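Asks: mind folding the following:
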Amino acid sequence: MRKAKETVLEIDLKALEHNYNYLRSRIRPETKFLGVVKAFAYGSDAATVALKLEQLGIDYFAVAYVNEGVTLRNAGVTKPILVLHPIAANFETLVSNRLEPSIYSPFILSQFTETAQKMGVKNYPIHIKFNTGLNRLGFTENDITYLGEQLLGQDQLKVVSILSHLAASEDHSEAEFTKKQISSFDKIVSRFSEVFKYRPICHILNTSGILNYPEAHYDMVRSGIGLYGYGNEAKFDAQLKPIATLKTIISQLHKLGPNQSIGYNRGHITQENTVTATLPIGHADGIGRQYGKGKTYVMLHEQMAPIIGNVCMDMIMIDVTGIECKEGDEVIVFGPQLSAQEQAETANTISYELLTGISQRVKRTYID
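Replies: This next block holds a predicted model:
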């Protein structure tokens, strides 16, 4: 681990390899593995992460939007890339970059069919999304007859997978609901195979689904947060390694007496002699105002220092009273020593939001 000289997000590709291998160990050898690298690979670096995973033998990637897939193609990624939420305006770009759309509604199907005809493609791979209870995107089991009418007997499009998405696979109190979703997907798989006379790749599980519902691995599983080191449960977190460490440094120290205010709107008033450190990171970098006013801590020389006052756009202030330190010293915001999940919980949110919110102006560095 290199000492920071500025604000950096350090990405540990060895930790990524560990997480991939651990998750692979939880599925059958013949089950395909799809890595979700949307949102800059959960706030890290999509191209670097995808190229590493491709070296490790991953089967598929998924992104949310077409432009994310284009970035991967431009970086040299060659594996199939599923676009989970394609928009009709980007369909020509999607086809030109050999991306594969998730088709989730009659409108999207008709629009993509029109694009396929216009561009003269044959047997272009598409994925059909089914809604089994998340109620966000997707067809229902009752739509399979309609899908057969639209897709059988034509040669522009080829269904290569059908998928659904679990709503609460990490919540054991919702196990009954999750099992109902899986049961609904079983029926969809059976009905689809009956109508189309073949069975495409079938997949429903996310990271927590992989770990909690091994009976539903089907032909492929999808992992996002797990690849980045978080398993949504302490017992799984212990098996994974966070790949991202957000580091910064002390810009300036201040020695303040009692009744001194700190930051915008006098967000903190000292009660006694206090030493503060100002750090060059703020809400423009992804550390929102909800982390201020003593709710969240950072790590300085293996000691915890609270963020005090209001988080500024480019700076935060921390209380370092009693911690021996100097300007230029490294500070850890989150990483293996200080979980992003723990940090997120202090602000009543989740690790996904903290990780994906790290600004692109934060420099990325790599360990491999």
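Asks: quick one: the helices in the stretch 1-150 of the chain?
Replies: 13-25, 38-43, 46-56, 66-75, 91-96, 106-119, 144-151 (DSSP state H, counting those that start in this stretch).
Asks: the longest one packs against which elements?
Replies: When contacts are defined as 3 or more C-beta pairs under 8 Å, 6 or more residues apart in numbering; DSSP states H and E, helix 106-119 packs onto helix 91-96, strand 100-103, helix 144-151, strand 157-163. Any C-beta I mention is one placed from the backbone N, CA and C, and that applies to glycine too.
Asks: go through the ones you listed and name the closest to Tyr65.
Replies: For these, proximity to Tyr65 was assessed by C-beta to C-beta; helix 91-96 is nearest, at 9.8 Å.
Asks: quick check: the gap between Asn212 and Lys179.
Replies: Here Asn212 is placed at a distance of 11 Å from Lys179 (C-beta to C-beta, to the nearest Å).
Asks: comparing these two, which shows the higher neighbour count?
Replies: Taking other C-beta atoms under 10 Å, Asn212 and Lys179 do not tie; Asn212 has more neighbours (20 against 13).
Asks: report the spatially nearest residue to that one, omitting neighbours in sequence.
Replies: Ser169 (5.9 Å; C-beta to C-beta, 6 or more residues apart in numbering).
Asks: same thing with Arg191?
Replies: Ile144 (5.0 Å).
Asks: who's in contact with Ile11?
Replies: Ile11 makes contacts with Ser44, Asp45, Thr48, Val49, Ile243, Ala244, Arg364, Thr365, Tyr366, Ile367, as judged by C-beta atoms under 8 Å, 6 or more residues apart in numbering.
Asks: thinking again about what came up before, looking at the helices and strands packed on helix 106-119, which is buried most?
Replies: Stretch with highest mean neighbour count among the helices and strands packed on helix 106-119: strand 100-103 (a mean of 25; mean count of other C-beta atoms under 10 Å).
Asks: and it, what does it pack onto?
Replies: Against strand 100-103 (3+ C-beta pairs under 8 Å, 6+ apart) you get strand 81-83, helix 106-119, strand 124-129.
Asks: that strand - what's its average pLDDT?
Replies: Regarding strand 100-103, the rounded mean pLDDT is 98.
Asks: again with stretch 76-96
Replies: The model assigns stretch 76-96 a mean pLDDT of 98.
Asks: which of the residues in that stretch are buried?
Replies: Val77, Pro80, Ile81, Leu82, Val83, Leu84, His85, Pro86, Asn90, Phe91, Leu94, Val95 (16 or more other C-beta atoms under 10 Å).
Asks: pretty sure the second one sits against Tyr60.
Replies: Yes: in this structure, Pro80 sits in contact with Tyr60. The criterion is C-beta atoms under 8 Å, and the distance is 5.2 Å.
Asks: redo the helices of the stretch 1-150 of the chain as CSV? Include distance to Lys32.
Replies: Below are the helices of the stretch 1-150 of the chain laid out as CSV (distance: least, C-beta to C-beta, whole Å):
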stretch, distance to Lys32
helix 13-25, 11
helix 38-43, 18
helix 46-56, 13
helix 66-75, 18
helix 91-96, 21
helix 106-119, 23
helix 144-151, 22
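Asks: just say which of the ones you listed is most tucked in.
Replies: Buried most deeply of the helices of the stretch 1-150 of the chain, by mean count of other C-beta under 10 Å, is helix 38-43, with a mean of 22.
Asks: list the helices and strands that one packs on?
Replies: helix 46-56, helix 351-356.
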